[in-house]
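S.K.: Okay, predicted coordinates and the sequence, questions at the end:
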There are 2 protein chains.
Amino acid sequence: MGRLISDTVEDYLKMIFDLSAETDRVSTGMIADALNVSPASVTDMIQRLATEDPPLLDYIKHQGVALTDEGIKIALEIIRHHRLIELFLHEVLGYSWDQVHAEADRLEHVISEDFEERVAAVLGDPLRGLHGKPIPTASLEMPDQNTSYLLDMRPEQHGVIHSVNDDDPDFLRYLEAQGLVPGAKFSIVDFSPYDNNLRLRLSGQDQEIVLGMGVTTQVQVEVLDFES
Amino acid sequence: MGRLISDTVEDYLKMIFDLSAETDRVSTGMIADALNVSPASVTDMIQRLATEDPPLLDYIKHQGVALTDEGIKIALEIIRHHRLIELFLHEVLGYSWDQVHAEADRLEHVISEDFEERVAAVLGDPLRGLHGKPIPTASLEMPDQNTSYLLDMRPEQHGVIHSVNDDDPDFLRYLEAQGLVPGAKFSIVDFSPYDNNLRLRLSGQDQEIVLGMGVTTQVQVEVLDFES
DNA sequence: TTATAATTTTAGACTATTCTAAATTCCTGT
DNA sequence: ACAGGAATTTAGAATAGTCTAAAATTATAA
Ligand SMILES: [Mn+2]
Ligand SMILES: [Mn+2]
Ligand SMILES: [Mn+2]
Ligand SMILES: [Mn+2]
């Protein structure tokens, strides 16, 4: 208990956790891109984190990193902070869903456990964040989700929007305008193999919308067995 | 607009502002004590702040510093954040008045102007903080207060508690238990010149309480012309 | 007025985080 | 199997903030 973790390290661990959803091992380059720092800085940092007292990363030279259990703990703590804060900013202070992320990205590092608990209580211990992502529990269990990317759906299939990537405010405003918010049900109408465009109809709406990979890679869905 | 001020610099400026209430020029040693860093670190920092592009401090070697207008601006901004956050934590999240300070001391550096505005709005644009101190306005005017220290009051005088120093949670719990909270009216019953103890009676209470300098130097009062 | 004490400043060093440029290693396509 | 090219790591350096120990300055008080 009580290691001294800087904001910077917290952001590295959080980002590595996110990137780990894609690949088993996360490469130096991926981290550098995601955090907007040079690859050299990343190499430095991951080597340091891999040799901390309890190592936070498992690092193999030239083969990227994976979080240790210790590293996952810290990442989940910060992710819990982040998603609780986003919800709180929206519910209590009236932030729109495209404004919350940037603010939460700073606040997540400085709130106390007490603050976390009080916010969770005020919000009624929510299970999902403002953008649909699950919120790790107080004991740092991440509820597992059975989701896939909208990208991978095909005509005839039905689904519900589960969650959306939240780092680009413009993108979030676009999604909201289209009705592409967590909980929205839809069915796939058409698929264009060459550009990977998907045409879909949101339930209750007449109009169909066509989405390219810029959108479909950023939206997670739950595939439904039957229309409802 | 848009200088890059670190949290550390913000804390230095805020502390120098507070200390300036006592002395015109603030010494290296005072700052070092207050911030719990070595005098050498303070010298380093104040020399740097005095040579910033618009200087934040006016520094004369061996004679301490005074804030420039630019430095005051930044200090007031942070103090506004701090006091709004303390009130918010109390009102919205149910923090007790001894718990808010530590949390606010970290949050004050990371909230946006938007956050500040929204919190101020939710609280109804308060003029005074949880511990009685005035809150700088949105345009960074500090409402001036006509207060003196409880220390300097003498028998026969009446007064109202204006504000109390809030950095020690134990002290705040003690004050609250005694009923020594902002707004409480009292009259001085007795003064002991050798130990500077004051005996006073809170209006509406029978019992008298005796306070030493450990308390009377930490409490600001408004002296009343007549009892009320 | 002068020695001693207190305060402040300087010198030198350390950690955390980042960078650029150069060296190394890995991968891929012929 | 191997030559480029891509990715990664190393080397060297910068900045912010801190420290301790030594030097310099100012204050105090006999
Ligand atoms: Mn977010
Ligand atoms: Mn962050
Ligand atoms: Mn405070
Ligand atoms: Mn602070």
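M.R.: Received the coordinates, thanks. Ligands and ions are numbered 1, 2, ... in the order given.
S.K.: residues in contact with residue A:181?
M.R.: Applying CB atoms under 8 Å, 6 or more residues apart in numbering or on different chains to residue A:181 gives the contacts A:161, A:164, A:175. (Each C-beta comes from the backbone N, C-alpha and C, glycine too.)
S.K.: Then residue A:222?
M.R.: Shown in contact with residue A:222 (CB under 8 Å, 6+ apart): A:146, A:147, A:159, A:160, A:162.
S.K.: re the thing from before, return the member of the contacts of residue A:181 nearest to DNA strand C.
M.R.: Of all the contacts of residue A:181, residue A:164 has the smallest distance to DNA strand C: 26.7 Å, by CB to the nearest atom of the strand.
S.K.: Around that closest one, how many other residues sit close by?
M.R.: Counted with other CB atoms under 10 Å in any protein chain shown, residues neighbouring residue A:164 total 24.
S.K.: can you check residue A:37 too?
M.R.: For residue A:37, the neighbour count with other CB under 10 Å is 15.
S.K.: And for residue A:96?
M.R.: Neighbours around residue A:96, by other CB under 10 Å: 13.
S.K.: Let me see the backbone angles for it.
M.R.: phi -80, psi 160 (degrees, to the nearest 10).
S.K.: pLDDT score for the closest residue to it other than its chain neighbours?
M.R.: Nearest non-adjacent residue to residue A:96, counting by CB to CB, 6 or more residues apart in numbering or on different chains: residue A:90, 7.4 Å away. pLDDT recorded at residue A:90 is 98.
S.K.: and what of residue A:30?
M.R.: Value for residue A:30, per-residue pLDDT: 98.
S.K.: Now do the buried residues in the host helix or strand of it.
M.R.: Here residue A:30, judged by DSSP states H and E, is contained in helix A:28-35. Using 16 or more other CB atoms under 10 Å in any protein chain shown as the test for burial, helix A:28-35 gives A:28, A:30, A:31, A:32, A:34, A:35.
S.K.: In terms of distance to residue A:56, which of these ranks first?
M.R.: residue A:31 (13.4 Å; CB to CB).
S.K.: quick one: the closest one and ligand 2, what's the gap?
M.R.: 14 Å (CB to the ion, to the nearest Å).
S.K.: That residue against residue A:14, yeah?
M.R.: No - Residue A:31 is not in contact with residue A:14 according to CB atoms under 8 Å; the separation is 11.1 Å.
S.K.: before we move on, what SS does the residue lying farthest from the centre of chain A have?
M.R.: In chain A, residue A:206 marks the outermost C-alpha relative to the chain mean, sitting 30.3 Å out by CA atoms, centre = their mean. Secondary structure, DSSP: H, G, I helix; E, B strand; the rest coil: residue A:206 is coil.
S.K.: Measure how the longest helix along chain A sits relative to helix B:69-93, angle-wise.
M.R.: For chain A, the helix with the greatest residue count under DSSP state H is helix A:69-93. With axes from the mean of the first three to the mean of the last three CA atoms, to 10 degrees as the basis, helix A:69-93 and helix B:69-93 are set at 90 degrees to each other.
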